[in-house]
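Peer 1: attaching a predicted model along with its sequence, questions to come.
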Number of protein chains: 4
Amino acid sequence: MVTASDKQEYFAKELHRMPFAQHLGFQVKEMRQDKVVLEMLIVAEQHTNLLGVVHGGVLMSLADTAMGLACANLGSLPTTIDMNINFIKSIKAVGAIRAVATVLHHGQSTMVAEAEMYSEIGELAAKARGTFFVVGKIEDRD
Amino acid sequence: MVTASDKQEYFAKELHRMPFAQHLGFQVKEMRQDKVVLEMLIVAEQHTNLLGVVHGGVLMSLADTAMGLACANLGSLPTTIDMNINFIKSIKAVGAIRAVATVLHHGQSTMVAEAEMYSEIGELAAKARGTFFVVGKIEDRD
Amino acid sequence: MVTASDKQEYFAKELHRMPFAQHLGFQVKEMRQDKVVLEMLIVAEQHTNLLGVVHGGVLMSLADTAMGLACANLGSLPTTIDMNINFIKSIKAVGAIRAVATVLHHGQSTMVAEAEMYSEIGELAAKARGTFFVVGKIEDRD
Amino acid sequence: MVTASDKQEYFAKELHRMPFAQHLGFQVKEMRQDKVVLEMLIVAEQHTNLLGVVHGGVLMSLADTAMGLACANLGSLPTTIDMNINFIKSIKAVGAIRAVATVLHHGQSTMVAEAEMYSEIGELAAKARGTFFVVGKIEDRD
């Protein structure tokens, strides 16, 4: 039987095999049927822009990956068709940022997911939505 | 007098002071009144996803930075309000990718820019549009 | 004193003065601090596309108006800077469609709102997010 | 043989069978392999918002329809998956507005198109991009 904890471990391993996720230091914090939480530790010397806050590209990379995992968590292997994001509050270069992703629509060919991005102190920093194409099924793992 | 070549040098230096741009290796290739071209060299061990192609986050980071520079090149210091992107063709992990950004609208409070992303062999890989808030003016440099 | 019911009445009147909202038949169903609900009755002979389902433009028009009202309900007069929408499920040309809008961010210069669109039978048909520029304040009405 | 003029006539008829396009008064002005131009006449009593300018919903409806026709013009029957738009300049309630749509990507399953919206005096009023799902092929007509 595949338990929730097996699943989280499985996807944590997958994330370790994804070079860009490793390069930025993404970590799986939680994987449930309806929610995936990713985190990354901000390193000021690597992840900021000229204003000294977290670069939007970091947030978009984390959001995209979290939404993709949320799709994968429902059994479909996704590839991102398109994505949008609103930057709501800039994030200081301290502590961790967190993406909480949920799936809005699980179709046969396409999926829609959302992600909310939070700063270390729990402020909503950005909100993203993405459309994903289903390129395959993720087989049961046992 | 500020020449086009001075300007490109100035922004190249600015980019060097942006940690995330350095982390990913962005380089200014061209800066003209109506167009900014950024490039980065793809490193397979750092910039790819599970499928071995360039991670969407890399493309979004490059697009955001190129559009921001295109705004700055017109004299306004921008911060990204929101951004969207369509991923059209996946990019293999070889050679350089290139973002060509242009400004669609230069308002007093907000700006709108676009970026097209090209693979090493010149295929259109993605198209982005962003909205920027003008947080200040970039003073004449002399 | 301005009560919630006064407010709903005020905005219902405002909507009656908006020609396009009248043309499509938008109605205010609910206005609370954190939520605005608009409805419209689908007329098959007016609001559908070639496939006989509700035209995406109808959903976008309702979403934009609902989000704008949600901003106005918090005291700021908004103008739409940009908007995005995912169409999740097509809507048959029967009964009413409903937009539920909430504000994600209430800044001094810009606001961000979301809207979920539901079919007559309560299915999520579309989800939109918009960015709004604050062009003024809505004075207390008494 | 199907000529360009036959094609334009064919799609003009299709548009006449689309209730919402009729309701708003869309007209095909030009259909070429790489470009579709739609127009509509603004009626102040129907198509404006509280500020007396063209409602964003009108522009989004025209953009969506123009992009869909641009996809259809290449032989694929599209349904809109998602769409985004930047409103750049408000349009006064006089004369006609015009959408110029082009296809960026023509895949087997999905297509990407863009539309630029112009006011009567030729100002860029809005720019949209949409993703479309291919639900079928448009057979040769003879």
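Peer 2: Cool, got the structure. Numbering: from 1, shown residues only, chains lettered A, B, ... in the order given.
Peer 1: backbone dihedrals for residue A:120, both of them.
Peer 2: phi -50, psi -40 (degrees, to the nearest 10).
Peer 1: which ones are touching it?
Peer 2: Contact analysis of residue A:120 by C-beta atoms under 8 Å, 6 or more residues apart in numbering or on different chains lists A:91-92, A:94-97. Glycine gets a C-beta too; all of them are placed from N, C-alpha and C.
Peer 1: what's the spacing between it and residue A:93?
Peer 2: The gap separating residue A:120 from residue A:93 is 10 Å, by C-beta to C-beta, to the nearest Å.
Peer 1: which helix or strand contains the closest residue to residue A:36 other than its chain neighbours?
Peer 2: Counting by C-beta to C-beta, 6 or more residues apart in numbering or on different chains, the nearest residue to residue A:36 once its immediate chain neighbours are dropped is residue A:70, at 4.2 Å. Assigned by DSSP states H and E, residue A:70 falls within helix A:56-73.
Peer 1: quick check: residue A:14 vs residue B:49, distance?
Peer 2: If you go by C-beta to C-beta, the gap between residue A:14 and residue B:49 works out to 10 Å.
Peer 1: these two: who's more crowded?
Peer 2: A count of neighbours by other C-beta atoms under 10 Å in any protein chain shown puts residue B:49 above the other of residue A:14 and residue B:49, at 23 against 15.
Peer 1: neighbours of the nearest residue to that one once chain neighbours are set aside, how many?
Peer 2: Leaving aside its chain neighbours, residue B:49 sits nearest to residue B:55 (4.5 Å; criterion: C-beta to C-beta, 6+ apart). Close neighbours of residue B:55, defined as other C-beta under 10 Å, add up to 28.
Peer 1: max-length strand in chain A?
Peer 2: strand A:124-137 (DSSP state E).
Peer 1: can you list the residues of chain A near chain B?
Peer 2: In this structure, chain A approaches chain B at residues A:14, A:17-21, A:23-24, A:44-51, A:55-58, A:60-62, A:64-65, A:79-87, A:90, judged by C-beta under 8 Å from any C-beta of the partner chain.
Peer 1: buried members of those into PyMOL, please.
Peer 2: Burial among those is assessed by 16 or more other C-beta atoms under 10 Å in any protein chain shown; the matching PyMOL selection reads:
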select buried, chain A and resi 18+19+20+21+23+24+46+47+48+49+50+55+56+57+58+60+61+62+64+65+79+80+81+82+83+84+85+86+87+90
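Peer 1: helices - which of the residues of chain A next to chain B land there?
Peer 2: Mapping those onto helices (DSSP state H) picks out A:14, A:19-21, A:23-24, A:44-47, A:56-58, A:60-62, A:64-65.
Peer 1: the residue nearest the centre of chain A: what's it in contact with?
Peer 2: The residue lying closest to the centre of chain A (C-alpha atoms, centre = their mean) is residue A:66, at 1.4 Å. Residue A:66 makes contact with A:36-38, A:99-101, A:115, according to C-beta under 8 Å, 6+ apart.
Peer 1: could you check how far it is from chain C?
Peer 2: Residue A:66 sits 17 Å away from chain C, going by C-beta to the nearest C-beta, to the nearest Å.
Peer 1: so where's chain A shaky on pLDDT?
Peer 2: A:1-2, A:140-142 (pLDDT under 70).
Peer 1: sorry, back to before: state the distance from the residue nearest to the centre of chain A to residue A:96.
Peer 2: Distance from residue A:66 to residue A:96, by C-beta to C-beta: 13 Å.
Peer 1: cool, and residue A:24?
Peer 2: For residue A:24, the distance to residue A:96 - C-beta to C-beta - is 12 Å.
Peer 1: any common contacting residues for those two?
Peer 2: residue A:40.
Peer 1: let me know whether residue A:124 touches residue A:89 as I believe.
Peer 2: Yes: contact criterion C-beta atoms under 8 Å: residue A:124 and residue A:89 qualify, at 6.8 Å.
Peer 1: what do these two both touch?
Peer 2: residue C:105.
Peer 1: and residue A:79, bridged to which residues?
Peer 2: residue A:133 (DSSP bridges).
Peer 1: now for it: which residues touch it?
Peer 2: A:132-133, A:135, B:51, B:87, B:90.
Peer 1: which one of the residues you listed is nearest to residue D:109?
Peer 2: residue A:133 (7.0 Å; C-beta to C-beta).
Peer 1: so who does that closest one touch?
Peer 2: So residue A:133 contacts A:78-81, A:109-110, D:109-110 (C-beta under 8 Å, 6+ apart).
Peer 1: how does it look with 10 Å?
Peer 2: For residue A:133, the contact set (C-beta atoms under 10 Å, 6 or more residues apart in numbering or on different chains) comprises A:71, A:76-82, A:109-111, B:87, D:81, D:107, D:109-110, D:131, D:133.
Peer 1: how much space between it and residue D:68?
Peer 2: 19 Å.
Peer 1: do the same with residue A:136
Peer 2: Residue A:136 is 29 Å from residue D:68, by C-beta to C-beta.
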